[in-house]
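# Need coordinates for the below:
(2 chains)
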Protein chains: 2
Amino acid sequence: MAKTPVIAVDAMGGDFGPRVIVPAAVDAVKRGLCAVLVGDETQVRAELARCAPAGADLEVVHASQVVGMNEKPSEALRRKKDSSIQVACNLVQAGAADGVVSAGNSGATVACGMFTLGRIKGVQRPGLAGVMPTEKNPIVVIDVGANVDSKPSHLFQFAIMADALAKDVLGVPNPKVGLLSIGEEEGKGNLVVKEAFDFLRRSSLNFIGNVEGRDIFTGEVDVIVCDGFVGNVVLKLSEGMAKSFGNVLKAELRRNLSSKLGAMLSMPALSRFAAIMDYAEYGGAPLLGLNGIVIVCHGASNSKAMTNAIGMASTFVSSKTHKHMTEVLMAHSELAEAGRRVKV
Amino acid sequence: MAKTPVIAVDAMGGDFGPRVIVPAAVDAVKRGLCAVLVGDETQVRAELARCAPAGADLEVVHASQVVGMNEKPSEALRRKKDSSIQVACNLVQAGAADGVVSAGNSGATVACGMFTLGRIKGVQRPGLAGVMPTEKNPIVVIDVGANVDSKPSHLFQFAIMADALAKDVLGVPNPKVGLLSIGEEEGKGNLVVKEAFDFLRRSSLNFIGNVEGRDIFTGEVDVIVCDGFVGNVVLKLSEGMAKSFGNVLKAELRRNLSSKLGAMLSMPALSRFAAIMDYAEYGGAPLLGLNGIVIVCHGASNSKAMTNAIGMASTFVSSKTHKHMTEVLMAHSELAEAGRRVKV
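Below you'll find the predicted structure:
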């Protein structure tokens, strides 16, 4: 039997720190996953004693520093060599862990992952893959903010990497890959998208052409490829809308007795609705294209989201997504190289 | 008393043509607005006879051609000199009408408006201003697709024009203007956004800095400025999500007897929820920066959306938005000129 992947969890990250992260890791271990907690040993052990008084099968690795949520990534990287996120990445680099999960400063997590683990040979830019709920199944949107001003060849490689993720982690046998644009026909979009279209068309992916904003949430497409600026707006807008819809709906249902009673009767349906739209279900955004997996979680992640992110990292490792990704990238290296030479 | 503005309505446009457009214009006239129907006279008069048997105070202007929804805008412009959208624009150019409303081919409507009416002096690119519902008040997102690969100075001028629209048409006294980016701090975003930030900061607008995707739907910002590629994705994604949320909620509420009963009791609340999220409430997207106003409506617009678009065009004209816009553009012409010289 294959060894359970070891996931290094940044215990200090996120808006809530050890108070939320440590119980999430304990839950993950209860589900049969393997987690190592990285952070201030005193704080982490205190939290462990509180949430798992009988003890839990978790190693703690000490890190003396924490990167603040508003610190500049480049400075954090230079000045905080013993930050929890840096130490977590070091564990993977040294082979003591197989993946990293962090809800800390996203920019610092991305930068730290890139510099410590390095890119897969041939990958021009790593891409951050957001997993989003839709009307049907969850889908992957790549890139959701690791890069801006992407080139056509970057979009092309994002597609290849997200395709492997959708297959291995979301369990979609032959993912439909769409290029986000502002019209369905070939030739619609900005300069970068028009060029990327051509490379995707020539690839072995199940490329279905351009998709529009309205197609994202229907769940008809499994992988949506875009520049990190656009993807970041898409992810944050959809999260914001899901929250706003909930707020408006709740306010309207509380307006009078009849609707309050109605809401009570339909509570199981409303809860299922909320669960379908729950972003925490998918944990975090894997940073694809590195020698190792780093999952970037929302700063406001709750314990459930963190546990699911640890699960996602574990599945990524055990299903050999990294290997599958590298093989398909290799098979398309000439096309990616041609894409690199395109001027836009 | 000022004369009621005359709005030329493309009677042939949209997925449904005269069947939806003619009743919308009749409704607008009943509300005290003034509309001229442009299209195939026989078809339009037949529809008029059906929906307003007692007669309605509407002029009909014949146009022998129609631009198909999938026709290439440039070809439509060249080959169909007597299309309903072209004739409607001609009416404004000749001074026989004050504005145009069309649910026809969006690209052809934008192109036709630009070439027939021309740009306001100093305007580098016209911008399509989407009016979106939010958790609070409706907001303006500009540009939602008239341009891609915008320059910083284009974004800057979009902001000035949308500010005037928010003041005059949405009735916001001092609109908060935000620049859509992927982080709140100055210096976050892509190259174009970073440059545009500087020009907006130096303007007389109530510029509140960068806003993120999650801020769009809260309604805290009145005007959101972005490139047309991003804005188009934002508008279509939010429309799509509103629809998907409705679908999922309906499906969940129909699952069993208790939730069906609950839904019945809370129907007024659910209907108010649907009304708040109703894109038809705002009619269409005004194309700003031309000598005259053109409102571009969704192809699938219903009669209510079309009537509201006619109302919006009328308010735009009667509140002298065009004059206000021109004045602020003039006051910022040096800044826009400096922006034009920025290389990105």
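
# burial count for the spatially closest residue to A:Asn210 that is not a sequence neighbour?
Leaving aside its sequence neighbours, A:Asn210 sits nearest to A:Ser181 (CB to CB, 6 or more residues apart in numbering or on different chains; 4.0 Å). Yep, even glycine has a C-beta here, placed from its N, CA and C like the rest. If you count neighbours by other CB atoms under 10 Å in any protein chain shown, A:Ser181 ends up with 28.

# Contacts only, for A:Ser181.
Residues counted as contacts of A:Ser181 (CB atoms under 8 Å, 6 or more residues apart in numbering or on different chains) are A:188-189, A:193, A:197, A:210-212, B:229.

# ok, now with 10 Å
The contact partners of A:Ser181, taken as CB atoms under 10 Å, 6 or more residues apart in numbering or on different chains, are A:187-190, A:193-194, A:196-197, A:209-213, A:225-226, A:230, B:148, B:229, B:232-233.

# What's the separation between it and A:Arg202?
To A:Arg202, A:Ser181 is 17 Å away according to CB to CB, to the nearest Å.

# Same check on A:Arg79?
45 Å.

# Strands of chain A, start to end?
Ranges of strands within chain A are A:6-10, A:34-39, A:59-62, A:99-102, A:127-132, A:139-142, A:177-180, A:207-211, A:223-225, A:285-288, A:293-296, based on DSSP state E.

# Same list (those) but as a markdown table, adding mean pLDDT.
What follows is the strands of chain A, written out as a markdown table (pLDDT from 0 to 100):
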| stretch | mean pLDDT |
| --- | --- |
| strand A:6-10 | 98 |
| strand A:34-39 | 98 |
| strand A:59-62 | 97 |
| strand A:99-102 | 98 |
| strand A:127-132 | 95 |
| strand A:139-142 | 97 |
| strand A:177-180 | 98 |
| strand A:207-211 | 97 |
| strand A:223-225 | 98 |
| strand A:285-288 | 97 |
| strand A:293-296 | 96 |
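
# now those strands in TSV, with distance to B:Val6 and mean neighbour count?
Shown next, in TSV, are those (distance: least, CB to CB, whole Å; neighbours: other CB atoms under 10 Å in any protein chain shown):
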stretch	distance to B:Val6	mean neighbour count
strand A:6-10	64	29
strand A:34-39	69	27
strand A:59-62	74	17
strand A:99-102	61	32
strand A:127-132	46	28
strand A:139-142	45	29
strand A:177-180	40	26
strand A:207-211	39	20
strand A:223-225	44	30
strand A:285-288	52	28
strand A:293-296	55	29
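
# for these, which one sits closest to B:Glu334?
Closest to B:Glu334 of the strands of chain A, according to CB to CB: strand A:177-180, at 36.7 Å.

# Quick one: list the elements packing against the closest one.
When contacts are defined as 3 or more CB pairs under 10 Å, 6 or more residues apart in numbering or on different chains; DSSP states H and E, strand A:177-180 packs onto strand A:139-142, helix A:152-168, helix A:191-201, strand A:207-211, helix A:213-216, strand A:223-225, helix A:228-253, helix B:228-253.

# Distance to A:Pro286 for these - can I get that in a markdown table?
Shown next, in a markdown table, are the helices and strands packed on strand A:177-180 (distance: least, CB to CB, whole Å):
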| stretch | distance to A:Pro286 |
| --- | --- |
| strand A:139-142 | 9 |
| helix A:152-168 | 6 |
| helix A:191-201 | 21 |
| strand A:207-211 | 21 |
| helix A:213-216 | 19 |
| strand A:223-225 | 13 |
| helix A:228-253 | 13 |
| helix B:228-253 | 22 |
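
# Which one of the ones you listed lies nearest to B:Gln93?
Nearest to B:Gln93, of all those, is helix B:228-253, at 24.4 Å by CB to CB.

# tell me which residues in that closest one are buried?
Across helix B:228-253, burial judged by 16 or more other CB atoms under 10 Å in any protein chain shown covers B:228-245, B:248-249, B:252-253.

# partner residues bridging A:Ile224?
Beta bridges link A:Ile224 to A:Val141, A:Gly178, judged by DSSP bridges.

# A:Leu179 versus that one, what's the distance?
If you measure A:Ile224 against A:Leu179 using CB to CB, the figure is 8 Å.

# ditto for A:Ala275
To A:Leu179, A:Ala275 is 30 Å away according to CB to CB.

# swap in A:Gly339?
Going from A:Gly339 to A:Leu179 by CB to CB gives 13 Å.

# Likewise for A:Gly283?
From A:Gly283 across to A:Leu179, the span is 26 Å (CB to CB).

# With A:Leu270 instead?
In terms of CB to CB, A:Leu270 sits 35 Å off from A:Leu179.

# Any regions of chain A where pLDDT drops low?
Applying pLDDT under 70 to chain A flags residues A:1, A:279-280.

# residue nearest the centroid of chain A?
Centroid-nearest residue in chain A: A:Ala285, 0.6 Å away (criterion: CA atoms, centre = their mean).

# pretty sure that one contacts A:Ile293?
No. Judged on CB atoms under 10 Å, A:Ala285 makes no contact with A:Ile293 at a distance of 11.2 Å.

# quick one: common contacting residues for those two?
Any residue near both A:Ala285 and A:Ile293 by CB under 10 Å, 6+ apart counts here, and that gives A:Met312.

# Please, where are all the helices along the stretch 1-150 of chain A?
In chain order, the stretch 1-150 of chain A shows helices spanning A:18-30, A:41-51, A:73-79, A:84-93, A:106-117, with DSSP state H, counting those that start in this stretch as the criterion.

# For chain B, which of those helices is the nearest?
Nearest of those to chain B, taken as CB to the nearest CB: helix A:106-117 at 8.3 Å.

# Report all helices and strands that that closest one contacts.
On a contact count with 3+ CB pairs under 10 Å, 6+ apart, helix A:106-117 meets helix A:73-79, helix A:84-93, strand A:99-102, strand A:127-132, strand A:285-288, strand A:293-296.

# Can you add distance to A:His332 and give these back as TSV?
Conversion of these to TSV gives the following (distance: least, CB to CB, whole Å):
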stretch	distance to A:His332
helix A:73-79	30
helix A:84-93	26
strand A:99-102	25
strand A:127-132	15
strand A:285-288	15
strand A:293-296	21
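
# Make a markdown table from these and add distance to chain B to it.
Shown next, in a markdown table, are these (distance: least, CB to the nearest CB, whole Å):
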| stretch | distance to chain B |
| --- | --- |
| helix A:73-79 | 11 |
| helix A:84-93 | 18 |
| strand A:99-102 | 18 |
| strand A:127-132 | 11 |
| strand A:285-288 | 13 |
| strand A:293-296 | 14 |
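
# B:Pro23: which of the ones you listed is closest?
Comparing those against B:Pro23 with CB to CB, the closest turns out to be strand A:127-132 (38.9 Å).
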